[in-house]
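Student: Pasted the sequence and its predicted model underneath.
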Amino acid sequence: MKTITLRRTNSDNPDFRALITELDADLRLRNGDLMNIYDQHNVIEKIDTVVVAYIDEVPAGCGCFKTYDNETVEIKRMFVRPQARGNGISRKVLTELEAWARELKTTYAVLETGSKQLEALSLYPKAGYLPIPKYGPYIDLPESICFKKVL
C-alpha cells in the first residue's frame, strides 16, 4: 500500500525545485513556443507557502500560493509527476493549500491554467472553482483560463 504524505515547506525545498523543473518541461512539451510568453509568469520568488506531496517518501507532486491581494491568494505551480498520477495527489495538494490559506485568514483563491492542461481543467471545477474573467497578466493571453473559489 502506498503511503502519501504532504509537507508544508518553502520554495527553497530541493524536492519542490526539482518538481517545478519537471513541470516547466511538461508545459513546454504541451505548449511549445507559447511558453516563451508564459514563462515570465511562472517565476517563483521566495515563497513560504509550498506543499510537496510524497508517495513512500518519493516526491510526487507540488503546489504553492502567493498573495494576490488583501483577501485573495493565487494558486501556482501545481504539478504531479506522470508516474504518480491517478493517486489523488493533485486534489490532496490543492486541499492542503486551501486549508493553509484559510489559516492565514484568506477569503478567496484564484488561479490560471492553460487550455491544454486537461488534468487541471478537470480538477479545478470538481474542487469548487468557478470560471472567472482573465485577470492580471493573463488578460491578453488567449490560452489562459482563470478560476476562483471562496475559501
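Tutor: Arrived safely.

Student: what helices or strands is the longest strand seen in the chain leaning on?
Tutor: Ranked by number of residues, the top strand in the chain under DSSP state E is strand 58-69. Where contact means 3 or more CB pairs under 8 Å, 6 or more residues apart in numbering; DSSP states H and E, strand 58-69 is packed against helix 14-31, strand 50-55, strand 72-80, helix 89-103. Every residue, glycine included, has its C-beta placed from N, CA and C.

Student: Excluding sequence neighbours, find me the nearest residue to the residue nearest the centre of the chain.
Tutor: In the chain, the residue lying closest to the centroid (CA atoms, centre = their mean) is residue 78, at 2.4 Å. Counting by CB to CB, 6 or more residues apart in numbering, residue 78 lies nearest to residue 63, which is 4.2 Å off, once chain neighbours are set aside.

Student: can you tell me which residues contact that neighbour?
Tutor: 50-51, 75-79, 90, 93-94, 97 (CB atoms under 8 Å, 6 or more residues apart in numbering).

Student: Quick one: residues in contact with the helix or strand hosting residue 121.
Tutor: Counting by DSSP states H and E, the element that carries residue 121 is helix 118-126. The contact list for helix 118-126 (CB under 8 Å, 6+ apart) reads 78, 80, 85, 90-91, 94, 111, 113-115, 145, 147.

Student: Dump those residues to JSON lines, plus pLDDT.
Tutor: Shown next, in JSON lines, are the contacts of helix 118-126 (pLDDT from 0 to 100):
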{"residue": "78", "pLDDT": "96"}
{"residue": "80", "pLDDT": "97"}
{"residue": "85", "pLDDT": "95"}
{"residue": "90", "pLDDT": "97"}
{"residue": "91", "pLDDT": "98"}
{"residue": "94", "pLDDT": "98"}
{"residue": "111", "pLDDT": "97"}
{"residue": "113", "pLDDT": "93"}
{"residue": "114", "pLDDT": "89"}
{"residue": "115", "pLDDT": "89"}
{"residue": "145", "pLDDT": "96"}
{"residue": "147", "pLDDT": "98"}
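
Student: Thanks a lot, see you next time.
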